[in-house]
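J.: build the 3D model from these lines:
(2 chains)
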Number of protein chains: 2
Amino acid sequence: MGKILSLSAMEKLLKNSGAERVSSCAKEELRDVLEEISNDLGKSIRLAQHSGRKTIKGVDIKLAKR
Amino acid sequence: MGKILSLSAMEKLLKNSGAERVSSCAKEELRDVLEEISNDLGKSIRLAQHSGRKTIKGVDIKLAKR
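T.: Numbering: from 1, shown residues only, chains lettered A, B, ... in the order given. Now for the predicted structure:
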């Protein structure tokens, strides 16, 4: 995994959904989950794209997450 | 949504999975998807937690994503 998302953002996300405290393992685990999902989305978008189009659009994400 | 994740991180994630170019709509859409998932995970963790424990651990994320 690329470790692109910051751990502080992971902490904010969990606190926003009601957590009082968040362990560093939990932040790392959430980052892994989100990066994995994003990677899967990205791959399915690439597969679905027409050969001519190189730009990923919002509608591609909407379609791929279904 | 909280708009916690940065759009530049969304762009990196999509480029890492092979996108050449990413529209700003796509970045916003990916952020929404990831924040929604994170929020759902967080809520199910909170529901599952024992009343005495206030810290979210890595294992909680692992269990909740199933």
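
J.: quick one: the residue located most distally from the centre of chain A and chain B, what's the gap?
T.: Using Cα atoms, centre = their mean, the residue of chain A lying farthest from its centre is A:G52. It sits 25.6 Å away. According to Cβ to the nearest Cβ, to the nearest Å, A:G52 stands 12 Å off from chain B. Just so you know, the C-beta spots here come from the backbone N, C-alpha and C atoms, and that holds for glycine as well.

J.: where does pLDDT dip in chain A?
T.: A:1-2, A:50-51 (pLDDT under 70).

J.: any buried residues in the helix ranked longest in it, and which?
T.: Taking DSSP state H as the criterion, chain A has its longest helix at helix A:24-48. For helix A:24-48, burial by neighbour count (16 or more other Cβ atoms under 10 Å in any protein chain shown) applies to A:26-35, A:37-39, A:41-42, A:44-46.

J.: just checking, next helix/strand downstream of it?
T.: strand A:55-56 (DSSP states H and E).

J.: and chain B, is that following strand touching that?
T.: Yes - with Cβ under 8 Å from any Cβ of the partner chain as the criterion, chain B is reached by strand A:55-56 at A:55-56.
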